[in-house]
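**Student:** What follows is a predicted structure for the sequence shown.
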Amino acid sequence: MEVLTNPNRFFEAKAKGEREEKGGGEGKGGGEGEWGRGKREPSLKIPALIVLTSGLVGGISLFLMAGVTFEMLRKSQTLPQEALGVVSAVGGVGAFVGAVVSSFVIWVVAAALFFAVSCLFKGEGKFKRTLEFVGYGYIPTIFSGLVSAVLVYNFVSTTQIPVVTNVADPAEIQKALAPLLTSPLLRLSSAVGILFMLWSANIWIFGLKHARNLSTRDAVLTVAIPVAIYILVLLLRNPSSLGV
Amino acid sequence: MRFPSSLSLLFLALLVVGVVGLAGSGVSEAQAQVAREEQKTSIQITGYQLTPEVLMPNDLGTVTVTVKNAELAKSVNIKEARLLSKELKVASDSYFNIGRLGHGESLDLTFTLKATACPDGIYYPRVLVKGEDAQNIRYSFPVRVDSTLLTLAVKDVPEDIFKGERARIELAVGNPRPNTATGVKITAVAERREEAEEEEKGGEGVAGGEELVPSEVFVGALSRDETKTASFNFTPQTNGTRLLNFKLEFKNGENLHSAELSLPLKVTESKKKPELVLTGIEVEPSASGSGIYNYKITGDINNAGLEDANGVVMKIGDAEGVEATHPYKSYFVGLLSPDDFSSFELDVKVSEDRENEGEGTKVPLRIEYKDEDGFLFSKTEYIAIERQQGQRTGSSGVGVGELPLSVVVVLLFVVAVVVGLIAYSWKKR
């Protein structure tokens, strides 16, 4: 809980505890040497669990949105009923798997990005430590996923699914989905996602500060630059995301 | 005493001679009189012909009398011929200086009569023919005036008449007159009484066509006491009391007469006819363009009646701003038996202007079917289209979908918590 309310102290304690642990090990181990005493590997279990949970929760929204596509396919009557069942099952599972896998990929990529940017500010510390602390920053995305899931469910259960006569034509599908994607609920969902992303960024700032021994200013810049670019790209791709 | 006896004899002889003489002169006078009578009767009226045979009041008729010269060797000069009548009006002029009529020859003289304001009965007008040498002849003939009209009666009419169903109405036209009526025809007109129900908007009705078929039946000539039948098919389009007016027209000679028959009928809804009901209507938006909204209307059409509905076709009706589009501009269902149903789908395009009117758009959905006789029926239902969440209002791209208040409150709370936590984390730094 402290990682949410006071991430600075949380990460500081984690880094400090490790240093203390490093000191304790020196007393116990005696002859283990400098490397063996002070370089205990950061644990990725909890961050990985957080990322996994975040991926699964995010998968709910994707699963619901995939349902819209399957409903569209069903109404277009271009696929036989049996094939539609298989596609729905595969698509549903695929949505979850895709969400989990992409969460882990983004975790690693984001950590690498922060690590690389922090190098510009002469950051010190292992990549694994950065990976661990970035993983903790995924906690807000769990809440974000839950809120999005509620909003998307609300949207899916109330909206009218358009009928696309030619599912092989991406232009027609895009045309049919365009009104749906501008739904207030979906835009609200995007806005909530950005808000929680900022919350994550806040945690990452303190995480990077202690993981890479950066000043607060450098940590802010390290996190803010990639996050700002990401949000900018997000807004440019879908300008109406915030137009609630 | 011998002398007086001689005188007596002489006187007697003279008396006899005188008497005989007187007697002789009397015979020759009688013979002359007889000859003169024979000369008078040499002009004869041998016959007459009345057209029409029996007049009706105010009818115009003609009488043709045949004048014959019965003389064996001598022609007769006919000076004048005239028709005389007190009750009937003679509508033609008399004949003057007709000329000579050869022996044994005949001449037809025609006069016009009009039965003006005279009651039914038999009248005797006279023909007066004047010849030379005071040869005159008068001839009376009977003319009958009868005001009896031809009768028009209902021979057969169905007990129940249902809206949209064909009813066969048979009429009998009879001739109680003593003469033949010609050119008999019956014209039919269906009138809607004031209390008749107006056809409801969107209601069911027979599409096109006259209600009474044929509108006129020609019967032709009708002899005395003869009856003929005329049939009409009546297909009412509305419920309520309907008044069928039949006009009977005929000719008595050259005179046109008419009679009318009014037949009130109670038209009700059929208990067996196909009753098409729409259920499970779904309106789904499909790809939309700028200012144009496309919808796919799907649903089921059911036959809740007791008779087959043939050739059922679903169409988008005519309305401003509403247009049927491909691929399903119309949907052919075909035969729909009683208690049977079929799915259908229709594509419709609604313009933005129409969308913005009021609370939503009503798209007319027209159902057409035929009965077993091929009569086309149509019914219009209105499908309300409300713009659903996720649809744009137009080019502005501003959402109009309403968010539930609870969602808004929760989201505001979440935003406050997140912002608070971020702020708190920086404060505790």
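**Tutor:** Perfect, thanks for sending it. Numbering: from 1, shown residues only, chains lettered A, B, ... in the order given.
**Student:** all contacts plus neighbour counts: C-alpha atoms, from now on.
**Tutor:** Will do.
**Student:** the helices in chain A, which residues?
**Tutor:** Under the criterion DSSP state H, chain A contains helices at A:2-5, A:7-29, A:33-38, A:45-76, A:81-120, A:127-136, A:139-158, A:170-181, A:184-211, A:216-237.
**Student:** Quick one: distance of the first one to the chain centre.
**Tutor:** In other words, helix A:2-5. Computed by C-alpha atoms, centre = their mean, to the nearest Å, the chain-centroid distance of helix A:2-5 equals 18 Å.
**Student:** And that helix, what does it pack against?
**Tutor:** Helix A:2-5 sits against helix A:7-29, helix B:405-427, with contacts defined as 3 or more C-alpha pairs under 8 Å, 6 or more residues apart in numbering or on different chains; DSSP states H and E.
**Student:** Let me see the domain layout of chain A.
**Tutor:** Here the domain parsing of chain A from automatic domain parsing is A:1-40, A:43-242.
**Student:** Let me know which of the ones you listed is tucked in deepest.
**Tutor:** Most buried of those, by mean neighbour count (mean count of other C-alpha atoms under 10 Å in any protein chain shown): domain A:43-242, with a mean of 19.
**Student:** got a list of what B:T46 touches?
**Tutor:** Taking C-alpha atoms under 8 Å, 6 or more residues apart in numbering or on different chains as the contact definition, B:T46 lies against B:V65, B:T66, B:V67, B:K68.
**Student:** roughly how far apart are it and B:F141?
**Tutor:** B:T46 is 12 Å from B:F141, where distance means C-alpha to C-alpha, to the nearest Å.
**Student:** now B:L152
**Tutor:** B:L152 sits 33 Å away from B:F141, going by C-alpha to C-alpha.
**Student:** Which one's more surrounded, the two?
**Tutor:** Legend: neighbour count by other C-alpha atoms under 10 Å in any protein chain shown for B:L152 and B:F141, higher for B:L152 (22 against 16).
**Student:** Quick check: beta-bridge partners of the more buried one?
**Tutor:** B:V173 (DSSP bridges).
**Student:** Thought B:E170 was touching it, still the case?
**Tutor:** No - look at B:L152 against B:E170 with C-alpha atoms under 8 Å: they stay out of range, at 10.6 Å.
**Student:** Can you lay out the domains of chain A as JSON lines showing mean pLDDT?
**Tutor:** Formatted as JSON lines, the domains of chain A follow (pLDDT from 0 to 100):
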{"stretch": "domain A:1-40", "mean pLDDT": "60"}
{"stretch": "domain A:43-242", "mean pLDDT": "81"}
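**Student:** May I see the contacts of B:T46 organised as JSON lines, with pLDDT and neighbour count added?
**Tutor:** Below are the contacts of B:T46 laid out as JSON lines (pLDDT from 0 to 100; neighbours: other C-alpha atoms under 10 Å in any protein chain shown):
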{"residue": "B:V65", "pLDDT": "94", "neighbour count": "21"}
{"residue": "B:T66", "pLDDT": "94", "neighbour count": "16"}
{"residue": "B:V67", "pLDDT": "92", "neighbour count": "22"}
{"residue": "B:K68", "pLDDT": "91", "neighbour count": "21"}
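**Student:** Name the pair among those residues with the greatest separation in space.
**Tutor:** Spatial extent of the contacts of B:T46 (C-alpha to C-alpha) is set by the pair B:V65 and B:K68 at 9.7 Å.
**Student:** okay, and the common contacts of the two?
**Tutor:** B:I45, B:T46.
**Student:** measure A:V86 to A:V93 for me?
**Tutor:** Separation of A:V86 from A:V93 (C-alpha to C-alpha): 11 Å.
**Student:** Please read the previous query as pertaining to B:F375.
**Tutor:** The gap separating B:F375 from A:V93 is 57 Å, by C-alpha to C-alpha.
**Student:** again with B:R138
**Tutor:** 125 Å.
**Student:** And the residue nearest the centre of chain B?
**Tutor:** The residue lying closest to the centre of chain B (C-alpha atoms, centre = their mean) is B:T187, at 1.9 Å.
**Student:** B:G131 and B:N77 touch, don't they?
**Tutor:** Yes - assessed by C-alpha under 8 Å, B:G131 is found in contact with B:N77 at 5.7 Å.
**Student:** residues making contact with stretch B:81-97?
**Tutor:** Stretch B:81-97 is contacted by residues B:78-80, B:111-116, B:118, B:123-130 when judged by C-alpha under 8 Å, 6+ apart.
**Student:** switch the cut-off to 6 Å
**Tutor:** Defining contact as C-alpha atoms under 6 Å, 6 or more residues apart in numbering or on different chains, one finds that stretch B:81-97 is touched by B:K79, B:E80, B:F111, B:T112, B:L113, B:K114, B:A115, B:P125, B:R126, B:V127, B:L128, B:V129.
**Student:** Do me a favour and get the end-to-end distance for that stretch?
**Tutor:** Length of stretch B:81-97, first residue to last, C-alpha to C-alpha: 9 Å.
**Student:** picking up where we left off before, can you add distance to B:L365 and give the domains of chain A back as TSV?
**Tutor:** What follows is the domains of chain A, written out as TSV (distance: least, C-alpha to C-alpha, whole Å):
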stretch	distance to B:L365
domain A:1-40	59
domain A:43-242	20
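**Student:** now B:F246, nearest residue through space, not along the chain?
**Tutor:** Counting by C-alpha to C-alpha, 6 or more residues apart in numbering or on different chains, B:F246 lies nearest to B:A188, which is 4.5 Å off, once chain neighbours are set aside.
**Student:** Equivalent analysis for B:E249, please.
**Tutor:** B:S258 (4.3 Å).
**Student:** Please, which helix or strand holds that neighbour?
**Tutor:** Assigned by DSSP states H and E, B:S258 falls within strand B:255-268.
**Student:** how about the CA coordinates for that strand, as CSV?
**Tutor:** What follows is strand B:255-268 as a C-alpha-only set of coordinates in CSV (Å, rounded to 0.1, in the frame of the first residue of the first chain):
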residue,chain,number,x,y,z
ASN,B,255,-88.0,7.6,-74.0
LEU,B,256,-85.4,7.2,-71.3
HIS,B,257,-86.5,6.1,-67.9
SER,B,258,-84.7,5.2,-64.7
ALA,B,259,-85.2,3.6,-61.3
GLU,B,260,-82.9,3.4,-58.4
LEU,B,261,-82.1,0.9,-55.7
SER,B,262,-80.2,1.6,-52.6
LEU,B,263,-78.6,-1.3,-50.7
PRO,B,264,-77.1,-0.6,-47.3
LEU,B,265,-74.4,-3.0,-46.2
LYS,B,266,-72.6,-3.5,-43.0
VAL,B,267,-68.9,-4.1,-43.6
THR,B,268,-66.9,-5.7,-40.8
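**Student:** Tell me the strands beside whatever helix or strand comes next after that strand, with direction?
**Tutor:** Following strand B:255-268 in sequence order, the next helix or strand is strand B:276-285 (DSSP H and E). Note on strand B:276-285: by DSSP bridges, its sheet partners are strand B:292-303 (antiparallel).
**Student:** Pull out the buried positions in the strand it pairs with.
**Tutor:** B:I292, B:Y293, B:N294, B:Y295, B:K296, B:I297, B:T298, B:G299, B:I301, B:N302, B:N303 (16 or more other C-alpha atoms under 10 Å in any protein chain shown).
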